[in-house]
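Student: Generate a structure from the sequence data that follows.
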Amino acid sequence: MQKSTWLDSLDWRRFGIASILGLAGLGFGYFLWKIYRRRSAKKPETAPPENVYETDKLVNQYMAFHYAEADKYFKYDFGPKDHLEFPTRCAELCKKHVTPGVLSRALDIGCAVGRSTFELATQYEEVLGIDFSASFVDKCNELKENGQALYCVPGEGELSERGVAEISKEIDRDRVTFEQGDACNLRSDIGQFGCVLGANLVCRLPTPLDFLDRLPHIVVPGGIVVLTSPYSWLEEYTPKYLWLGGFNDTNGDPVHGFDTLKEVLEPNFELLEANDMPFVIKETDRKHQWTVAHATVWRRKGKEKSKGD
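Tutor: Here you go, the predicted model:
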């Protein structure tokens, strides 16, 4: 007779079940550990996207757009030469609608490298230029301090031609100041103005309604607002749900930027003028952006209080 051992007394059915459950537990624990490792793993660091308006390329491009002589900026006998000098034409549109007796203080919001700001100083006693780009504002202040600044006009590939931006001696540069700022969050003590120029601004703002809603508070009665925009809405600048136009509403009807401007501004402003305003931005000697901005001029409703009131 064979001698029995502890193995003979073992309940193999229960042992098998326990083993299976143990292995299953280990497997599930390993699965949870993998999930934990994935979620707690350090994400690879990615550099924030570069702001193109801070690059040397864009600074030079806008310096040429604002200050280059026509024959250097557009070298051909043919083409839309009357569409050059857009910043000067914006300032002239502002001055066209000046109302005598209204506060002689102007704001150029989104001033870029400052040509319109300086041109407005021929009409207004005080002009403030604001831009979100620190590099643009640095160029503005260089022009204010020195009356001139160097830049490069793009040519072909890496080739370029040096240019010199010069502020006319007829312009009193002491009337002009520049600062970095956010059109959607203007400082609370900015004061009021008889003129606000926002050239090609609204479709490059993250929250354009914040800017438009501020206008009744900073423009005195009788003052004007001049807005230009090609309404080129892009999600890289403005979240789609905050676009002022370029989409269909819930009824399937198209909504355009000008429609929303009228809806927002007309309670406090009277529309004086609406026109197409083309402009040209040079990329290379043989490549230019031709764009048609929509220019609108608005006058603040109400009667300005006299200084004695």
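Student: going forward, measure contacts between C-alpha atoms and count neighbours the same way
Tutor: Noted.
Student: Can you tell me the closest non-neighbouring residue to Cys90?
Tutor: On the basis of CA to CA, 6 or more residues apart in numbering, the spatially nearest residue to Cys90 that is not a chain neighbour turns out to be Ser116, at 6.7 Å.
Student: so that neighbour sits right up against Leu93, yeah?
Tutor: No - counting by CA atoms under 8 Å, no contact exists between Ser116 and Leu93, whose distance comes to 10.5 Å.
Student: quick one: the strands in the stretch 1-150 of the chain?
Tutor: Here the stretch 1-150 of the chain has its strands, by DSSP state E, counting those that start in this stretch, at 105-109, 126-131, 148-154.
Student: what does the longest one contact?
Tutor: Applying CA atoms under 8 Å, 6 or more residues apart in numbering, the contact partners of strand 148-154 are 60-61, 63-64, 68, 73, 139, 142-143, 160-167, 282-285.
Student: The same query, at a cut-off of 7 Å, please.
Tutor: With CA atoms under 7 Å, 6 or more residues apart in numbering as the test, strand 148-154 has contacts from 60-61, 63-64, 142-143, 160-167, 283-285.
Student: From Asp249, how far off is the residue nearest the centre of the chain?
Tutor: Per CA atoms, centre = their mean, the C-alpha nearest to the average position across the chain is that of Arg204, at 3.5 Å. Relative to Asp249, Arg204 is positioned 21 Å away (CA to CA, to the nearest Å).
Student: likewise Gly147?
Tutor: Gly147 sits at a distance of 49 Å from Asp249 (criterion: CA to CA).
Student: Which one of the two is surrounded by more residues?
Tutor: The residue with more neighbours, out of Gly147 and Asp249 and counting by other CA atoms under 10 Å, is Gly147; that gives 16 against 10.
Student: show me what contacts that one?
Tutor: By CA under 7 Å, 6+ apart, the contact list for Gly147 reads 166-167.
Student: cool, Asp210 as well?
Tutor: By CA under 7 Å, 6+ apart, the contact set of Asp210 is Cys184.
Student: any chance you could map the helices in this structure?
Tutor: 12-40, 56-67, 70-73, 86-96, 115-120, 134-146, 208-218, 257-265 (DSSP state H).
Student: so where's the stretch 51-200 of the chain uncertain?
Tutor: By pLDDT under 70, the stretch 51-200 of the chain contains no weakly predicted segment.
Student: just to revisit the earlier point, neighbour count: Ser116 and Leu93, which is higher?
Tutor: Neighbours were counted for Ser116 and for Leu93 using other CA under 10 Å; Ser116 has more, 25 against 17.
Student: Could you pull up the residues touching that one?
Tutor: 87-88, 90-91.
Student: And it, how close does it get to Cys94?
Tutor: The spacing between Ser116 and Cys94, counted by CA to CA, is 10 Å.
Student: And the strands in the stretch 201-309 of the chain?
Tutor: 219-229, 247-248, 254-255, 269-284, 287-300.
Student: out of those strands, nearest to Lys81?
Tutor: Lys81 sits nearest to strand 269-284 of all the strands of the stretch 201-309 of the chain, at 8.6 Å, using CA to CA.
Student: which residues touch Asn141?
Tutor: When contacts are counted by CA under 7 Å, 6+ apart, Asn141 is found next to Phe178.
Student: Distance of it relative to Phe74?
Tutor: Using CA to CA, Asn141 is found at 27 Å from Phe74.
Student: Please apply the same query to Trp290.
Tutor: Summarising the geometry, the distance separating Trp290 from Phe74, computed by CA to CA, is 12 Å.
Student: So between the two, which is more surrounded?
Tutor: Phe74 (22 against 13).
Student: ok so, going back, between the strands of the stretch 1-150 of the chain, which one is nearest to Lys301?
Tutor: Go through the strands of the stretch 1-150 of the chain one by one with CA to CA and the one that ends up closest to Lys301 is strand 105-109, at 17.4 Å.
Student: pLDDT value on Gly29, please?
Tutor: As predicted, Gly29 sits at a pLDDT of 51.
Student: so where's the stretch 201-309 of the chain uncertain?
Tutor: Using pLDDT under 70 as the threshold, the predicted model of the stretch 201-309 of the chain has low-confidence ranges 304-309.
Student: Perfect, that will be all.
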